[in-house]
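S.K.: how would this look folded up:
(one chain, ligands or ions: 1)
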Amino acid sequence: MKAFRPRQNFSARIVALLCALGLVFGQAQFVFAQTRTISVQVDRPGGAIPRTLFGLFFEDINFGADGGLYPERVKNRSFEFPNPMMGWKQVERGGAKGGLQVYDLTTESDAPNSHYLRIKVETPGEGFGVSNEGFRGVGVEQGAEYIFSVTARRVDGAPSALRLEVEDANGKQIGTAKVSGFTSDWKKYTATLRATGTDAKAHVNLIMDGSGALDVDMVSLFPKETWGNRPNGLRADLVKLLKEMKPGFLRFPGGCIVEGRYLEQRYQWKTTIGDPEDRRLIVNRWNTEFNWRLTPDYYQSFGLGYYEYFQLAEDIGAEPLPIMNCGMACQFNSAELAPMEDLDHYIQDALDLIEFANGPVTSEWGKKRAAMGHPAPFNLKMIGVGNEQWGPQYVERYREFAKALKAKHPEISLVGAAGPSPDDERFHYLWGKMREMNADLVDEHFYMAPKWFRDNVGRYDNYPRTGPKVFAGEYAAQSVGIASPDNRNNWETAMSEAAFITGIERNADVVRMSSYAPLFGHVEAWQWTPNMIWFDNLRSYGTPNYYVQKTFSVHKGTQILPVMLDGSEKNGQNDLFTSASFDAGTNEVVLKVVNTAPSESQVRITLAGAKRLGKQGKVFVLTAPDLKAENSLDAPTKVSPVEKPLAVTSGEFAYTFLPNSLTVIRVGVGANQAKR
Ligand code: AHR
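M.R.: Prediction:
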């Protein structure tokens, strides 16, 4: 892709030329040539802006769940990876002697968590046991508490205790906790560990005191502080970033993870609920997807499962949007199909999910929800049928799903797929079919160059206003190329997305939902870039793209206001992009302006028809020192919005927009002004 060169403002060029020729006109004419106009039609409100306009796309990619949002510190805690000792190694200190052996219970039961480890100590020496490397290290913070838990039984001899030690990257012990009193029955033991040091790259040792043999399983070190301080809860700093965006919906669990490379590896929600110990681990399909970013230790423990997704949506005030496998494995991989005669099983999963989310506590699946601690319904309103599917085989399957789901649950909106591209043959074919089949929403995906986003701000201006609505379900500007490992979350990509989003907001009557994708990336364990939020084992930061999403989301308003740019309804002229809304919660006009030029833009703004003007407005400016600017763990808010007051004396005022910036202007206009 060519490097982005912002176009020079046309009038600026003329002025430069005239000055060079020594043709000096009067000051008034000079200013006139420079000044652009934006007129917000405050008294001509358009449609309502849906609460769901800006939301979140969550997928377990880039260690987004295990090693990320799900803050278990021990990798392969239940020895269920196909290599059951992956992530673990033997520890043998000062003359210690012993052995390790993994056993499989499958002959005794078909429990999903069938493997366990036997630690046998002959000579305790200075310590015998195992060490776990965590997810590219174990993160602990000085003073913070962690719950050490393990399921164990005594097999032989008199092992007196199991010690969990946290050692920093230099081998210094920075926390320890111990459990004891083992019997010959399996039992869960817990102890609290308080860290005495901070390290994102520590590791844990599990050391047995005394000699004999112990069987251990579900070895866990879990932070006490989680979002809402729930046991088995989620990483608080990451949830905080999500909640602060005020997202309208949460799509989960993906993404291609829904489909799996093969159907056997598809996401099956029923195996992800109940006691975490009983959730059946499977491979993560991103494990070996890209040979330039292999992560062979990537599995799904489902500690973060469907119950936790619904709970997260509720916690952050977002509508849940689960995406169901529709009998198709990823079409970029095996493209395996469930035969049409086996589809009932897949459809039943969707029907049961609705019952799990919304059913009474007396129903089969509602009862399971209540048993997990949530008797009240989750109030599910929509479901996606398939992820990024395409072709007639998808249409056949969508039709069957729609028939069954609409017959039993007409209240649930269905989201259909439109393939992986914004306008190829597959896309147009599917849109036609989705119209024919009356889908409620169609999920569009576009991972395109930054220029594409700036060139396509008018994409939705001429979409039909009847039929299915648009869900711009996965998009992100790719600075190099789709899925290139060299893509960056820089200001150029974020600003280009901002320009595009003005087009989404202007067309909020047809685009009802939108989300950046993917959401999370572990700085050391990612497969895909760019991502909206990056983290390591302790810290996290929002990218410039995050701040663009957040800015539009928190300032979205409740009603579209038409806006004219330089006297025209066309958005995106000479590097200025704009949209506006009325916020009935605060009685303010909210104007967004993206200036993609490398120079300032002087604009005369008119709030046409505004009656009672507030004197004190507010401005939020998001800009960066240059187009390549990025945020990082060490400079997490380098590119983030700055708030300033704005004195407003009349419904017409001048404002100078900074080069390469997104600006939000909020001005009070009194109640009910924008009502029709
Ligand atoms: O967001 C990453 C991937 O891109 C998603 O899993 C998939 O739906 C799309 O191809």
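S.K.: neighbours around residue 66, how many?
M.R.: 25 (other Cβ atoms under 10 Å). Where C-beta positions appear, they are placed from N, C-alpha and C, glycine not excepted.
S.K.: Distance-wise, check it relative to the ligand.
M.R.: 17 Å (Cβ to the nearest ligand atom, to the nearest Å).
S.K.: tell me which parts of this structure are close to the ligand?
M.R.: 59, 61, 254, 255, 256, 387, 388, 420, 474, 517, 518, 528 (Cβ under 6 Å from any ligand atom).
S.K.: and residue 46, how far is that from residue 486?
M.R.: To residue 486, residue 46 is 41 Å away according to Cβ to Cβ, to the nearest Å.
S.K.: When the two are compared, which one has more neighbours?
M.R.: The neighbour comparison of residue 46 against residue 486 (other Cβ under 10 Å) goes to residue 46, with 19 against 9.
S.K.: What's the separation between the closest residue to residue 71 other than its chain neighbours and residue 241?
M.R.: Spatially, and ignoring its direct neighbours in sequence, residue 71 is nearest to residue 235 (4.3 Å; Cβ to Cβ, 6 or more residues apart in numbering). Distance, residue 235 to residue 241, by Cβ to Cβ: 10 Å.
S.K.: Please say which of these two ends up with more neighbours.
M.R.: More crowded of residue 235 and residue 241, by other Cβ under 10 Å: residue 235, with 25 against 22.
S.K.: Centre-most residue in the chain?
M.R.: residue 519 (2.9 Å; Cα atoms, centre = their mean).
S.K.: I'd say that one and residue 535 touch.
M.R.: No: the criterion here is Cβ atoms under 8 Å, and residue 519 misses it with residue 535 at 10.8 Å.
S.K.: Quick check: closest non-adjacent residue to the residue of the chain found nearest the ligand.
M.R.: Ranked by Cβ to the nearest ligand atom, the top residue of the chain for proximity to the ligand is residue 255, at 3.2 Å. Once flanking residues are discounted, residue 255 sits nearest to residue 59: 3.1 Å by Cβ to Cβ, 6+ apart.
S.K.: Looks like that neighbour contacts residue 521 (just checking).
M.R.: No: Residue 59 is not in contact with residue 521 according to Cβ under 8 Å; the separation is 11.0 Å.
S.K.: for the stretch 351-500 of the chain, what spans make up the strands?
M.R.: Listed in chain order, the strands of the stretch 351-500 of the chain (DSSP state E, counting those that start in this stretch) span 382-385, 413-417, 441-448, 469-477.
S.K.: Stretch 153-171 spans what distance, first to last residue?
M.R.: Stretch 153-171 has an end-to-end distance of 29 Å (Cα to Cα, to the nearest Å).
S.K.: tell me which residues in it are buried?
M.R.: 153, 154, 159, 161, 162, 163, 164, 165, 166, 167, 168 (16 or more other Cβ atoms under 10 Å).
S.K.: now stretch 568-575
M.R.: Buried, per 16+ other Cβ under 10 Å, within stretch 568-575: 571, 572, 574, 575.
S.K.: Please apply the same query to stretch 304-318.
M.R.: 304-316, 318.
S.K.: and if you look at stretch 339-351?
M.R.: For stretch 339-351, by 16+ other Cβ under 10 Å, it's 343, 346, 347, 349, 350, 351.
S.K.: cool, stretch 291-304 as well?
M.R.: Neighbour-count burial for stretch 291-304, counted by 16+ other Cβ under 10 Å, picks out 293, 295, 297, 298, 299, 300, 301, 302, 303, 304.
S.K.: And for stretch 539-556?
M.R.: Those would be 540-553, 555-556, for stretch 539-556 by 16+ other Cβ under 10 Å.
S.K.: the strands in the stretch 201-350 of the chain, which residues?
M.R.: Taking DSSP E, counting those that start in this stretch as the criterion, the stretch 201-350 of the chain carries its strands at 212-223, 249-252, 282-283, 299-300, 319-324.
S.K.: and among these, the most buried is which?
M.R.: strand 249-252 (a mean of 28; mean count of other Cβ atoms under 10 Å).
S.K.: Contacts for that strand, please.
M.R.: 52, 55-59, 309, 312-313, 316, 318-323, 384, 473, 513, 515 (Cβ atoms under 8 Å, 6 or more residues apart in numbering).
S.K.: Distance from the chain centre to that strand, please.
M.R.: On the basis of Cα atoms, centre = their mean, to the nearest Å, strand 249-252 sits 8 Å off its chain's mean C-alpha point.
S.K.: Report the beta-bridge partners for the closest residue in space to residue 55 that isn't next to it in sequence.
M.R.: The spatially closest residue to residue 55, leaving aside those adjacent along the chain, is residue 249, at 3.6 Å (Cβ to Cβ, 6+ apart). Following DSSP bridges, residue 249 is listed with bridge partners residue 319.
S.K.: Model confidence for residue 249, exactly?
M.R.: Residue 249 is assigned 98 on the pLDDT scale.
S.K.: With residue 209 as the reference, measure out to it.
M.R.: When residue 249 is compared with residue 209 (using Cβ to Cβ), they lie 51 Å apart.
S.K.: do residue 525 as well
M.R.: 33 Å.
S.K.: more crowded one of the two?
M.R.: Remark: of residue 525 and residue 209, residue 525 carries more neighbours, 20 against 17, as counted by other Cβ under 10 Å.
S.K.: which one of the buried residues of stretch 291-304 sits closest to residue 284?
M.R.: residue 298 (4.1 Å; Cβ to Cβ).
S.K.: Looks like the closest one contacts residue 282 (just checking).
M.R.: No: contact criterion Cβ under 8 Å: residue 298 and residue 282 do not qualify, at 10.9 Å.
S.K.: how many other residues sit next to residue 650?
M.R.: 9.
S.K.: could you redo the strands of the stretch 351-500 of the chain as a markdown table and give each row distance to residue 142, mean pLDDT and mean neighbour count?
M.R.: Below are these laid out as a markdown table (distance: least, Cβ to Cβ, whole Å; pLDDT from 0 to 100; neighbours: other Cβ atoms under 10 Å):
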| stretch | distance to residue 142 | mean pLDDT | mean neighbour count |
| --- | --- | --- | --- |
| strand 382-385 | 43 | 98 | 24 |
| strand 413-417 | 45 | 98 | 25 |
| strand 441-448 | 40 | 98 | 23 |
| strand 469-477 | 36 | 98 | 25 |
